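1. Dropping a prediction and its sequence here:
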Amino acid sequence: MQAVVPETRSKGRSTPPSKITLDRIAELGVVGAGGAGFPSAVKFSAQVSTVIVNGAECEPLLHKDKELLHHRAAPMLAGLRAAVELTGASEAVIGIKEKYTDVIDAITPLLTPGIRVQRLRDTYPAGDEFVLVYDVTGKVIPPGGLPKDVGAVVTNVETLVNIGQDKPVTRKYLTVAGAVREPVTLSVPVGMSIGEVIEAAGGSTVADFGVLLGGVMMGRLAENLDVPVTKTLGGIIVLPKSHHMIQWYSMGWKQVEKIGRSACDQCRFCTELCPRYLLGHPIQPHRAMQSLGFVGDKVQLIASTLYCCECNICSLIACPENLDPKTVCVQAKPAARENKLFWNGDTANVQPHPMQADRRIPMRRLISKLGLTEFRNVGPLVDRELTPRSVTLPLKQHTGAPAVAVVAVGSKVKEGDLLAAPAAGALGARIHASIAGVVRRVDGESVTIEA
């Protein structure tokens, strides 16, 4: 293993960043690096009192955000100060699990007035932004609302690193873990295939394996090893194909529906452990299960699905019958929207459940329940020279409309050159070349560059 990538720091407090504007953030193509990829220039145009850095990283086996807080603190803090200035916030809070004492000890001397660390419990889903906002501010985001509704903006650690570096987003930090020879956090070119990234972690330790993208709890099954890395991918989890989690994500909707209709005994465990229900939101997964054909008015039953955060606690932790309430909720959401079953209650009356703080899932218990204890729970950030022969950059790596290509086949590009941009007036983000080379393919979905 090569040494951890060093961070250049001046002695004492880090120096203030140069002026970073919303236009500059848009120009760099910065989006949320840990979620749906919401364009950061739009997010930081909100005026709020608190900027919250989400360093909770509660997906099992992932270490990317913690590693960046430790080894990329200077650009992260530069980006954070820019976010505070742009939003007019009076304070910034870095949320990180209390068990990472080495990271907290390293970053604390670098903090300037108005920035503090919030120590978080080692539970799931500590990184859900609704849970995090409540832990930091004591305020509940209303159902269907956003953090700005309670005076906050939540941002990913890597998003701030990208802002602080003040250059086009061409690389992605991610953790490769599970059945690999070297669990590791790497910086890889956007558009590199996940198969090449797995090889950079020493390859799989098993011959027949599946890959979960994003995480074990909220990820998705990779169709093949040619899937490209995007700006939002935070983790690659390699597991034997026989592993329960690969089998779980391989189930189709018809199988989920058939088993759920016949086996659910309405114990309510899924609802009682739901983090959004515990915050006082109108989400009850057990009623969603009723909509499969048990009893009651189906339209009213699916009203309980719209505010599901898809954390998977109901399916992977709570249900004693090994059913899938989360997928039932996801499938019912379009019908709930079509029937306009939106919450219209009084925000002031949204009150957390009395047991809200006591029904969180300890990470050690989560890892055991998911069958992940055999895999090393580490992911150090290392410097590794990665030179893919080609990259394929999807034109939609963000919330909003796909970007529109501004290059043609045969164009020569350098790393950082603009490949695609949002259409006029459309919500979206710019996409830049992640390697130097020649554009070999351009279609409505992606741009491929050959080195």
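-> All right, it came through fine. Just so you know, these numbers come straight off a predicted model, no measurement behind them.
2. where in this protein is pLDDT low?
-> 1-18, 294-297 (pLDDT under 70).
3. and A26, what element?
-> For A26, the host element (DSSP states H and E) is helix 22-28.
4. Setting aside sequence neighbours, what's the nearest residue to A403?
-> Closest residue to A403 in three dimensions, ignoring its sequence neighbours and counting by C-beta to C-beta, 6 or more residues apart in numbering: A420, at 3.6 Å. Every C-beta, even on glycine, is put in place using the N, C-alpha and C of the backbone.
5. show me the contacts for that neighbour.
-> By C-beta atoms under 8 Å, 6 or more residues apart in numbering, the contact set of A420 is 393, 395, 403-407, 430-431, 447.
6. sorry, back to before: which other residues reach the helix holding A26?
-> Defining contact as C-beta under 8 Å, 6+ apart, one finds that helix 22-28 is touched by 39-41, 44-45, 82, 86, 162-163, 166-169, 429-430.
7. May I ask which two of the residues you listed are separated the most?
-> Using C-beta to C-beta, the two most remote members of the contacts of helix 22-28 are S45 and K167, lying 21.4 Å apart.
8. returning to what we had before: redo the contacts of A420 as TSV? Include distance to T347 and secondary structure.
-> Listed next are the contacts of A420 as TSV, based on distance: C-beta to C-beta, whole Å; DSSP: H, G, I helix; E, B strand; the rest coil:
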residue	distance to T347	secondary structure
L393	41	strand
L395	38	coil
A403	36	coil
V404	39	strand
A405	43	strand
V406	43	coil
V407	47	coil
R430	36	coil
I431	38	strand
V447	44	strand
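9. And the residues you listed, which is closest to L372?
-> L393 (31.3 Å).
10. My understanding was that that closest one contacts D443; is that so?
-> No: counting by C-beta atoms under 8 Å, L393 sits too far from D443 to count as a contact (11.7 Å).
11. tell me the domain boundaries of the protein?
-> Annotated domains of the chain cover 22-165, 171-243+371-386, 253-361, 389-451 [automatic domain parsing].
12. Could you report the neighbour count for K19?
-> Close neighbours of K19, defined as other C-beta atoms under 10 Å, add up to 8.
13. Check the secondary structure at it for me.
-> coil (DSSP: H, G, I helix; E, B strand; the rest coil).
14. any idea how far it is from D166?
-> Counting by C-beta to C-beta, to the nearest Å, the separation of K19 from D166 is 10 Å.
15. Check P143 too.
-> Distance, P143 to D166, by C-beta to C-beta: 37 Å.
16. Neighbour count: those two, which is higher?
-> P143 (20 against 17).
17. Doesn't the more buried one belong to a helix?
-> No: counting by three-state DSSP, P143 is located in no helix; its state is coil.
18. Let me see the contact set for it.
-> By C-beta under 8 Å, 6+ apart, the neighbours of P143 are 276, 281-283, 307, 343, 345, 350.
19. Please produce TSV containing those residues, extended by distance to L239, neighbour count and secondary structure.
-> Output for those, formatted as TSV (distance: C-beta to C-beta, whole Å; neighbours: other C-beta atoms under 10 Å; DSSP: H, G, I helix; E, B strand; the rest coil):
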residue	distance to L239	neighbour count	secondary structure
R276	28	23	helix
H281	32	25	coil
P282	35	19	coil
I283	29	25	coil
Y307	30	24	coil
W343	37	16	coil
G345	42	11	coil
V350	38	18	coil
